[in-house]
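Trainee: coords below, sequence missing:
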Ligand SMILES: [Zn+2]
C-alpha cells in the first residue's frame with residue numbers, strides 16, 4: 001500500500017474536513033497500482049473527450065454503467081475497457097475536419 005494521493009495519507013478531504021477521502025475511504029492508503037489506474041484513467045478520459053462523448057454516451061456504447069466510466073477515469077479502480085474500445089465505438093467519421101488534421105499532424 002502507498003499513501004493516498006488525494007488526501008496525502010490523512011484520510012480526510014481538504015474541502016470538507018468531516019468527510020472521509022473518497023479515494024481511500026478514509027484509510028489514508030491506496031493500492032500500489034492506483035497510480036497506474038489514474039494515468040490510464042486520464043488517457044481514457046482524453047480519448048472519450050476527443051470523440052465528444054459524454055460519460056453517459058460512452059456507458060451506453062460499451063454497455064457499462066456510467067459509474068464504472070467515472071470511477072475508471074478518476075483512477076479509483078482498474079479499467080475494464082480500453083482506448084481501442086472507445087475508438088471502435090465512436091468511428092473517426094464523427095471527427096471534425098480540424099481533428100482529422102491534428103491527428104494527421106501527430107503521426
Ligand atoms: Zn485519501
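Mentor: Arrived safely. Computed from a predicted structure; not experimentally measured. Numbering: from 1, shown residues only.

Trainee: any residue of stretch 60-79 touching the ion?
Mentor: No - counting by Cβ under 5 Å from the ion, the ion has no neighbours in stretch 60-79; the shortest distance is 10.8 Å. C-beta: built from backbone N, CA, C; applies to glycine.

Trainee: ok, for residue 2, nearest residue in space, not its chain neighbours?
Mentor: Spatially, and ignoring its direct neighbours in sequence, residue 2 is nearest to residue 32 (5.5 Å; Cβ to Cβ, 6 or more residues apart in numbering).

Trainee: can you tell me which residues in this protein are near the ion?
Mentor: So the chain meets the ion at 4, 6-7, 21, 23-24 (Cβ under 5 Å from the ion).

Trainee: most neighbours among these, please name it.
Mentor: If you count neighbours using other Cβ atoms under 10 Å, the busiest of these is residue 24, which has 23 neighbours.

Trainee: tell me which residues in stretch 46-56 are buried?
Mentor: 47-48, 50-51, 53, 55 (16 or more other Cβ atoms under 10 Å).

Trainee: neighbours of residue 105, how many?
Mentor: 7.

Trainee: where's it relative to the ion, distance?
Mentor: Computed as Cβ to the ion, to the nearest Å, the residue 105 to the ion distance reads 39 Å.
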